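**Student:** Quick one, structure for this:
(chains A and B)
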Amino acid sequence: MGTAAKLTRENRTITIDFQDEAPYFRLLDNGKAFVECELAFLLALGFQLRPKATCRGGGCLTRHSHYARVRLGGLPIWRVQCTTCQAVFTVLPHFVLRHRSMRPEVARDALLATHGGLSLELCAVLYHLSPLALYRLICALGHHSLVTVLTRCGRALSPYVLADEKHSHCLTAKVYVPTIVRGRVLWHLGYTEEASAAALPQSYGEFQRAAVHQEPSSRVKGALTDGFDSTTKSMRTLFPGVRLGTCRRHALLKLPKTLVAIASPVRQALRTQCHTLLYRARPRKG
Amino acid sequence: MVHVYGAGCRRRKRGGYAVPADPRMPVTSTLLDQAHNALDRNLFMMKAFHHPTGDQQAFLQGLAHLYNLVPYQRRAQHAGQCGVEVEGGRVPTADWFLNLQILTSGGFR
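**Tutor:** Next up is the predicted model:
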């Protein structure tokens, strides 16, 4: 009996915006126009297709084959092929979701409601779908790395980040969500069952590996933490030479406890001085 | 009088000085706390997150994509913009869901 692991096919699906369903159906009969439309869309986006590792480039795209999506009433889906490396890309029109029969309008509304804080069950009732289908849709999105998606948006990897972990509960177990943020953007959201010095580097390491894979020259120069030991150790281990800072808000919250042995008026005076120094060091813009 | 600090004390103090020393360092973790609070509100409602055989990592990452790409302001300075745009990134179209579809397509490099 063969023990060779089954090779998983790489996801080479590309979603193309055809504006409406009618142009898509018109283009289906015209192979040349179909490929040209697709290339125009790619040029407008400024994205490149992901060929095979052996591809030398310089090839062009050609229509390869098509199949009918039975669950969508036999909708034809075309594949295109790179003539150099023979990589085949499935062209999904914008009104079709990969591996799902859910309409994009329904998915959009349900995801927005979920993002707004509605439970999966309530979203499912509102939009007439199964809660598990919505859960699977979110998981399918989550299989794509945050770093990859953000770098496609032209966001260079930031050398200065905020790192912290949030505790939550999964059934009766306490779990941790290690997070890396820069500004309003989440760069990493992990999941661990403990906040030990071994578990956190593993989670933050995923971000580091993804960042290096995406941009080998990328380097985190500074990280702000709340001073939690495991987080600072993880940062030091994963990003050698990183400058570690302590969040001002966390530091000020911890200050009264640290100065508990000092008389109250002296403590107040010290705290005011500390505030003044910190605000002088970084005045607010505008 | 000369104060002699131990190595541990010096290490503890370094974090406080790192912020004023480098002007590009963030000062507070307010934006991180905002993200955590938003996530907490979501997870509080999610029974699926607590499913014993569920894929919690993928589910969280999916929620993170929504956090980054769904426009979050209506009237303020960044009205109609998502987090990525606010931070200077470019999104392919004006429609956040189409952006999500395009950006999570496996065929793009």
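
**Student:** contacting residues around A:Tyr204?
**Tutor:** When contacts are counted by Cβ atoms under 8 Å, 6 or more residues apart in numbering or on different chains, A:Tyr204 touches A:Ala163, A:Pro178, A:Ile180, A:His188, A:Gly190, A:Ser234, A:Met235, A:Leu238. Where you see a C-beta, it was placed from the backbone N, CA and C, and this is true even at glycine.

**Student:** Does stretch B:98-107 reach chain A?
**Tutor:** Yes. Under the criterion of Cβ under 8 Å from any Cβ of the partner chain, stretch B:98-107 makes contact with chain A via B:Leu98, B:Leu100, B:Gln101, B:Ile102, B:Leu103, B:Thr104, B:Ser105, B:Gly106, B:Gly107.

**Student:** Any figure for the gap between B:Gly106 and A:Leu39?
**Tutor:** 19 Å (Cβ to Cβ, to the nearest Å).

**Student:** which of these two has more neighbours?
**Tutor:** Here B:Gly106 and A:Leu39 are set side by side on neighbour count (other Cβ atoms under 10 Å in any protein chain shown), and the busier one is B:Gly106, at 17 against 14.

**Student:** Quick check on the residue lying closest to that one once chain neighbours are set aside: phi, psi?
**Tutor:** Residue nearest to B:Gly106 in three dimensions, not counting chain neighbours: A:Asn11, with 2.9 Å by Cβ to Cβ, 6 or more residues apart in numbering or on different chains. Backbone torsions for A:Asn11, taken as degrees, to the nearest 10, come to phi -80, psi 110.

**Student:** sorry, back to before: closest one to A:Arg100 out of the residues of stretch B:98-107 next to chain A, please.
**Tutor:** B:Gln101 (11.1 Å; Cβ to Cβ).

**Student:** in the helix ranked longest in chain A, what counts as buried?
**Tutor:** Longest helix in chain A, counting residues (DSSP state H): helix A:264-281. Judged by neighbour count (16 or more other Cβ atoms under 10 Å in any protein chain shown), helix A:264-281 contains these buried residues: A:Arg267, A:Cys274, A:Leu278.

**Student:** List the contacts of the second one.
**Tutor:** Looking back up the chat, that one is A:Cys274. By Cβ under 8 Å, 6+ apart, the neighbours of A:Cys274 are A:Leu252, A:Leu255.

**Student:** State the distance from it to A:Leu259.
**Tutor:** 10 Å.

**Student:** what about A:Lys257, distance to A:Lys166?
**Tutor:** Taken as Cβ to Cβ, the span from A:Lys257 to A:Lys166 is 22 Å.

**Student:** how many neighbours does the residue nearest to B:Gly106 have?
**Tutor:** A:Asn11, neighbours per other Cβ under 10 Å, totals 15.

**Student:** Just the pLDDT at it, thanks.
**Tutor:** Predicted confidence (pLDDT) for A:Asn11: 82.

**Student:** Which of the helices and strands in chain B ranks last by mean pLDDT?
**Tutor:** Here the helix or strand of chain B ranked lowest by mean pLDDT, DSSP states H and E is helix B:7-21, holding a mean of 53.

**Student:** I'd like the average pLDDT over stretch A:232-245.
**Tutor:** For stretch A:232-245, mean pLDDT is 89.

**Student:** Where does the residue in chain B that chain A sits nearest to sit: helix, strand or coil?
**Tutor:** The nearest approach of chain B to chain A comes at B:Gly106, 2.9 Å away (Cβ to the nearest Cβ). Under DSSP: H, G, I helix; E, B strand; the rest coil, the three-state class of B:Gly106 is coil.

**Student:** Where do the strands of the stretch 101-250 of chain A begin and end?
**Tutor:** Along the stretch 101-250 of chain A, the stretches classed as strands by DSSP state E, counting those that start in this stretch are A:160-170, A:173-182, A:185-189, A:222-225, A:243-246.

**Student:** burial count for A:Leu141?
**Tutor:** So A:Leu141, with other Cβ under 10 Å, has 24 neighbours.

**Student:** quick one: low-confidence ranges for the chain?
**Tutor:** With no chain named, the answer covers chain A. A:1-8, A:59, A:281-286 (pLDDT under 70).

**Student:** not quite, I wanted chain B
**Tutor:** For chain B, applying pLDDT under 70 flags the ranges B:1-21, B:48.

**Student:** any idea where the helices of it begin and end?
**Tutor:** Counting by DSSP H, the helices of chain B are B:7-21, B:30-45, B:56-69, B:83-86, B:96-103.

**Student:** could you list every residue that touches the nearest residue to A:Arg152 once chain neighbours are set aside?
**Tutor:** Nearest non-adjacent residue to A:Arg152, counting by Cβ to Cβ, 6+ apart: B:Leu103, 5.4 Å away. By Cβ under 8 Å, 6+ apart, B:Leu103 lies in contact with A:His144, A:Val149, A:Arg152, A:Cys153, B:Leu69, B:Val91, B:Pro92.

**Student:** before we move on, what about A:Leu61?
**Tutor:** A:Leu61 touches A:Val35, A:Glu38, A:Leu39, A:Leu49, A:Val80, A:Gln81, A:Cys82, A:Thr83, A:Phe89, counting by Cβ under 8 Å, 6+ apart.
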